[in-house]
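Asker: test case, fold it:
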Amino acid sequence: MAKVPKVIKPPVGEIYHSIEAPKGELGYFIVSDGSTQPYRIRVRPPSFVNLQALEVMCRGQLWPTSSQSSARFDIVLGEVDR
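Answerer: Numbers count the residues shown, from 1 in each chain. Prediction:
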C-alpha cells in the first residue's frame with residue numbers, strides 16, 4: 001500500500017494525456033500554474049471525435065439509412081454536449 005497525498009499538484013505547464021476507453025480514446029488536456037487547482041482543463045470524449053465521421057459516412061444516403069449509420073457509432077449525446 002502506497003502513501004498517496006490527498007491533494008495532487010499537476011506539473012507546471014501544459015500536459016495532454018490519453019487513455020483507452022470502451023468507445024475510443026479519452027483525452028485530458030491540463031494547463032497548470034503549479035497550484036492545487038489547474039488553470040484550465042479540457043476533456044476530449046471519444047463520442048465527440050467519433051461523431052465527426054458521420055457526415056462523410058452519410059453523404060448521398062436517405063434519412064432512414066443515415067439514422068442506421070449513426071447507430072453504428074453508439075454515441076452518448078450527453079458526452080458530446082459538454
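
Asker: could I get the full set of helices for this protein?
Answerer: With DSSP state H as the criterion, the chain has helices at 46-51, 54-58, 63-73, 77-81.

Asker: and the end-to-end length of stretch 17-35?
Answerer: Terminal residues of stretch 17-35 are spaced 19 Å apart (CA to CA, to the nearest Å).

Asker: returning to that earlier point: can I get the helices of the chain in CSV with distance to Gly34 and mean pLDDT?
Answerer: For the C-beta atoms, the positions are set from N, CA and C on the backbone; glycine is no exception. Formatted as CSV, these follow (distance: least, CB to CB, whole Å; pLDDT from 0 to 100):
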stretch, distance to Gly34, mean pLDDT
helix 46-51, 29, 79
helix 54-58, 40, 78
helix 63-73, 39, 70
helix 77-81, 30, 69
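
Asker: looking at those, which is buried most?
Answerer: helix 46-51 (a mean of 18; mean count of other CB atoms under 10 Å).

Asker: using a markdown table, lay out the helices of the chain together with distance to Glu14.
Answerer: Below are the helices of the chain laid out as a markdown table (distance: least, CB to CB, whole Å):
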| stretch | distance to Glu14 |
| --- | --- |
| helix 46-51 | 20 |
| helix 54-58 | 30 |
| helix 63-73 | 30 |
| helix 77-81 | 23 |
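
Asker: quick one: closest of the ones you listed to Met1.
Answerer: helix 46-51 (32.5 Å; CB to CB).

Asker: would you put the C-alpha positions of the closest one in PDB?
Answerer: In PDB, the C-alpha atoms belonging to helix 46-51 read as follows (Å, rounded to 0.1, in the frame of the first residue of the first chain):
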ATOM      1  CA  PRO A  46     -14.400   9.600 -27.600                       C
ATOM      2  CA  SER A  47     -18.100  10.100 -28.800                       C
ATOM      3  CA  PHE A  48     -17.300  13.700 -29.900                       C
ATOM      4  CA  VAL A  49     -14.500  12.500 -32.100                       C
ATOM      5  CA  ASN A  50     -16.400   9.600 -33.500                       C
ATOM      6  CA  LEU A  51     -19.300  11.800 -34.400                       C
END
